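Q: What follows is a predicted structure for the sequence shown.
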Amino acid sequence: MSPTLIRLVATFFAAVYGVAVSSAIALAAASDNTWAPAGTFLEKLDGPVFALAVDPADGRRTLAGTASGAIYFSPDGGTSWRQVRKSSGRAVLALAFDPARPSTLLAGTRGAGIWRTVDGGLSWQTQPGTEARTVRAFAFLNSAALAGGDEGVLVSRDGGPWSTVGLPQVRISALTVLPPSSAAANGTVVAGGDATQGTEPLPLFSSADGGQTWAALPVTGPAGVVGGSSMVAALARGPAQGPAARTLFMGTNTGLFVTRDQGASWQQLTGGGALPATDVTSLAVTPRRADRLYVASDGGGSPQGGLWVSSDAGGHFASLAPPLPVVTALAVTGDDTPTLVVATFRPADHAVGLWTYHDAGGPPQAPVAQPPSPRTGAPARGASPAGAGHPWWTELVARPEAPYLALGAAALAVVVFAAVAYLRRGRQL
């Protein structure tokens, strides 16, 4: 091989490498604060996704539960999914990683009890003592796992069978654990319900002994019962350490509230009017940025729903402008710059959307292209998505990386053209 040809080949590979590196850097930068469609499932969805979870040890490992009872696993933060539990006909309502047991997860279902996995979600087993129960929430306290069900709170100690420990008159929809205090050396369990057979104006309770005994938490504020709320949909504790460690956030059917004095008084959070007084579906506080709070709402199926972030523990809120306003599920990674996995729903045609958002703190950007709805299922290999009505290449050029792919293809074409010209010139000499 002549020295000139060697230089030409080296130039070719250097050009391709340079384009690849610059494209990767540009894509990484462009992904910050930008909504991106996540991968699709292999089934036709006809109902919202209510359950999402991210592995606290590896933010790329994500799980999702569907209304059909299937569970999907993604090793790459939602880019691709594979089914790890087949449809059961019983909706998955909650997913949670056990912080004390790596690779252990719990799934709460509608009418099929609790499922458990000890291998990161690859295989699942039904849990004794929960058969035919509906479970919507989980919390963990020392070696015990607690679950919020249709007839109170259940507990499993050291991975053993489940049993009911209290509040049988309440349909529990939210659980959390506040850090230890003088009154509760092991932490305080807080449970909220979306229905009760009792006389409580708002079903909200606490237990200082791991769920053995329960007391109603006061829910009054400056204007009486907080905001006229009648149900609790989500609970989240504040920063893990410091004076605000026992701050409790509560999402209800009339908005978001906070107590900083263990329930003695409550304040509604609106962030200067940026946060509407509507249904809250999910709350999340990032592990490494405890002052950052995410609030999701389905708006009761209205345009009032959405997703908001506060960077000062609820003092102010900004909208993250999700692609659709009805947000049904939310999961947040534990990274310094967190990534969000979000499920949306469009009531008009039951379209389910899955999205990712890398929150670097800048203004939110809309997605370049809408994803194919997971409801349509995945297309056959080499075929266009069902109902797309246009060739496969139109989706390729609409993707965010299209300009960089085009740049790489152009560079490759120039180098190939130069190589052909050189070879032809050599033959003519």
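A: Received the coordinates, thanks. Residues are numbered from 1 along each chain as shown.

Q: quick one: the strands in the stretch 251-400 of the chain?
A: Assigned by DSSP state E, counting those that start in this stretch, the stretch 251-400 of the chain shows strands spanning 255-259, 267-269, 282-285, 293-297, 306-310, 318-319, 327-332, 339-346, 351-358.

Q: can I get those strands in CSV with mean pLDDT?
A: Below are these laid out as CSV (pLDDT from 0 to 100):
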stretch, mean pLDDT
strand 255-259, 92
strand 267-269, 90
strand 282-285, 94
strand 293-297, 96
strand 306-310, 96
strand 318-319, 96
strand 327-332, 96
strand 339-346, 96
strand 351-358, 95
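
Q: what's the most buried one of those strands?
A: Among these, strand 293-297 has the highest mean neighbour count (mean count of other Cβ atoms under 10 Å), at a mean of 26. Heads up, the C-betas are built off the backbone N, CA and C, glycines and all.

Q: How about the spatially most central residue of the chain: which residues does it bridge to?
A: By Cα atoms, centre = their mean, the chain has its centre lying nearest to A331, at 2.0 Å. In this entry, A331 is beta-bridged to V341, by DSSP bridges.

Q: Figure out which of the strands of the stretch 251-400 of the chain is closest to L141.
A: Closest approach to L141 among the strands of the stretch 251-400 of the chain (Cβ to Cβ): strand 282-285, 17.4 Å.

Q: which outside residues touch that closest one?
A: When contacts are defined by Cβ atoms under 8 Å, 6 or more residues apart in numbering, strand 282-285 is touched by residues 234-239, 249, 251, 256, 292-296, 327, 329-332.

Q: mind redoing it with 7 Å?
A: With contacts defined as Cβ atoms under 7 Å, 6 or more residues apart in numbering, strand 282-285 is touched by 234-236, 238, 249, 251, 292-296, 329-330, 332.

Q: OK, contacts around E151?
A: Here E151 is in contact with T164, P168 (criterion: Cβ under 7 Å, 6+ apart).

Q: Sorry, wrong one. I was asking about G271.
A: By Cβ under 7 Å, 6+ apart, the neighbours of G271 are S310, H316, F317.

Q: Closest one of the residues you listed to W124?
A: S310 (35.2 Å).

Q: ok, now which ones touch that closest one?
A: G271, R292, L293, H316, F317.

Q: how far away is it from A236?
A: Note on S310: its distance to A236, by Cβ to Cβ, to the nearest Å, is 12 Å.

Q: and what of A53?
A: Going from A53 to A236 by Cβ to Cβ gives 15 Å.

Q: How many residues are close by the nearest residue to W81 once chain neighbours are set aside?
A: Of all residues not flanking W81 in the chain, Y72 sits nearest, at 4.3 Å (Cβ to Cβ, 6 or more residues apart in numbering). The tally of other residues near Y72 (other Cβ atoms under 10 Å) stands at 26.

Q: Find the nearest non-adjacent residue to S123, please.
A: Nearest to S123 is T117, by Cβ to Cβ, 6+ apart, at 6.1 Å.

Q: Could you chop this protein up by domain?
A: Following automatic domain parsing, one finds the domains of the chain at 3-27+400-428, 35-385.

Q: The ones you listed: lowest mean pLDDT?
A: Lowest mean pLDDT within these: domain 3-27+400-428, a mean of 47.

Q: and the gap between V170 and S103?
A: 32 Å.

Q: which of the two has more neighbours?
A: The residue with more neighbours, out of V170 and S103, is V170; 27 against 15, by other Cβ under 10 Å.

Q: Now for that one: which residues touch it?
A: G152, G193, T196, P203.

Q: Give the bridge partners for it, please.
A: T196.

Q: Which residue is the nearest non-sequential neighbour of L248?
A: T259 (5.2 Å).

Q: quick revisit: out of the contacts of G271, which one sits closest to V189?
A: When the contacts of G271 are ranked by distance to V189 (Cβ to Cβ), S310 comes first, at 24.8 Å.

Q: Mind listing the residues bridging to the closest one?
A: Beta-bridge partners for S310, by DSSP bridges, are L293.

Q: pretty sure P168 belongs to a strand, no?
A: No: under DSSP: H, G, I helix; E, B strand; the rest coil, P168 sits outside any strand and is assigned coil.

Q: wait, it sits on G152?
A: Yes: contact criterion Cβ atoms under 7 Å: P168 and G152 qualify, at 4.2 Å.

Q: Neighbour count for those two, which is higher?
A: G152 (22 against 12).

Q: so how far is V190 from that one?
A: When Cβ to Cβ is the yardstick, G152 and V190 sit 14 Å from each other.

Q: so the residue nearest to L248 touches F249, yeah?
A: No: between T259 and F249 there is no contact under Cβ under 7 Å: 8.6 Å.

Q: re the thing from before, tell me which of the contacts of V170 fall in strands.
A: Using DSSP state E, G152, G193, T196 are the members of the contacts of V170 that sit in strands.

Q: quick one, strands of the stretch 51-200 of the chain?
A: For the stretch 51-200 of the chain, the strands defined by DSSP E, counting those that start in this stretch cover 51-55, 58-65, 71-74, 82-85, 92-97, 105-109, 114-117, 125-126, 135-141, 144-149, 152-157, 162-166, 170-178, 188-196.

Q: Provide the contact partners of the fourth one at residue level.
A: Same thing as strand 82-85. Strand 82-85 is contacted from outside by L42, A70, I71, Y72, F73, G121, L122, W124, using Cβ under 7 Å, 6+ apart.

Q: Now with 8 Å, please.
A: Residues contacting strand 82-85 (Cβ under 8 Å, 6+ apart): 41-43, 63, 69-74, 107, 115, 121-124.

Q: next one: the fifth one
A: With contact meaning Cβ under 8 Å, 6+ apart, strand 92-97 is reached by 50-56, 63-67, 69-71, 104-110, 134-138, 140.
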